[in-house]
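Peer 1: can you look at this prediction? I've put the sequence above it.
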Amino acid sequence: MLNYLWGLMIVVGILYAAFTGNLPAVTDAALDSSKEAVTLCITMLGVMSLWVGLMRIAENCGIISGAARALNPLLRFMFPRIPVGHKANEYISTNIIANVFGLGWAATPAGLKAMEEMGKLNGYSKTASKDMCTFLILNVSSFQLIPVSMIAYRSQYGSANPSAILGPAMVATFLSTLAGIVFAKVMYLLPEQPSTYQKGKGGVER
């Protein structure tokens, strides 16, 4: 649907520019935007490579595992149905830590692994479990201590003080995460809805 929407907007813009005599301006803007996109990708590649590398060093040094143990009380509160010591807890911890440091791209692989492990615990159900929904809410709200990506964007586009958003971003993401946690815990109080799910690769329904 979005592809059709963006395609329609592009076609309408080009037609409007042609009828108003501004087609050369559209061409210039397209070329300038292409150049900016490449420059931005290179900038973000450097920033994300640095932080992902630091995360890997922290993982090899045991910092991530230590932080994961420190997050155990939070995980037990947020995901009471995930067994202690389950692999999903490790992936969730890694995802949360990456999100706190604003490393959305680095958080994605761990988030997918966490969903995969929770899907196994959910019996490959066609309906997401409450733990899976809670994890999605935490990712959407995503409390950020250092919004690395946004700082890089602001720096790329000439902001005089790219890090000026640190305070507002912390407050905004803290409040959104708090609201998400409250909503998730309220939803835990509701009864489970019965669902049919598939077991294993054979597609046997139970």
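Peer 2: Good, I have the coordinates.
Peer 1: residue 23 contacts residue 16, doesn't it?
Peer 2: No: using CB atoms under 8 Å, residue 23 is not in contact with residue 16; the gap is 9.7 Å. C-beta: built from backbone N, CA, C; applies to glycine.
Peer 1: what about the nearest residue to residue 58 once chain neighbours are set aside, which helix or strand?
Peer 2: Ranked by CB to CB, 6 or more residues apart in numbering and with sequence neighbours excluded, the top spatial neighbour of residue 58 is residue 64, at 5.3 Å. In the assignment (DSSP states H and E), residue 64 maps to helix 63-70.
Peer 1: and that helix, what other elements does it pack with?
Peer 2: The contact analysis (3 or more CB pairs under 8 Å, 6 or more residues apart in numbering; DSSP states H and E) places helix 63-70 against helix 23-60, helix 87-100.
Peer 1: so who does the residue nearest to residue 58 touch?
Peer 2: If you count contacts by CB atoms under 8 Å, 6 or more residues apart in numbering, residue 64 has them with 55, 58, 93, 94, 97.
Peer 1: and the third one, how many residues sit next to it?
Peer 2: In this case it means residue 93. By other CB atoms under 10 Å, 22 other residues sit near residue 93.
Peer 1: can you check the last one too?
Peer 2: Residues near residue 97, counting by other CB under 10 Å, number 23.
Peer 1: from residue 9, how far off is it?
Peer 2: 38 Å (CB to CB, to the nearest Å).
Peer 1: what's the answer for the fourth one, then?
Peer 2: For residue 94, the distance to residue 9 under the criterion CB to CB works out to 38 Å.
Peer 1: neighbour-wise, which of those two wins?
Peer 2: With neighbours defined as other CB under 10 Å, residue 94 and residue 9 compare such that residue 94 has more, 24 against 10.
Peer 1: please name the nearest non-neighbouring residue to the more buried one.
Peer 2: Using CB to CB, 6+ apart, the closest residue to residue 94 is residue 110 (4.0 Å).
Peer 1: which residues touch the one you found?
Peer 2: By CB under 8 Å, 6+ apart, the contact set of residue 110 is 91, 92, 94, 95, 98.
Peer 1: element containing it?
Peer 2: helix 104-121.
Peer 1: buried residues in that helix?
Peer 2: For helix 104-121, the neighbour count (16 or more other CB atoms under 10 Å) marks 104, 106, 107, 110, 111, 113, 114, 115, 117, 118, 119, 121 as buried.
Peer 1: I am finished for the moment; much appreciated.
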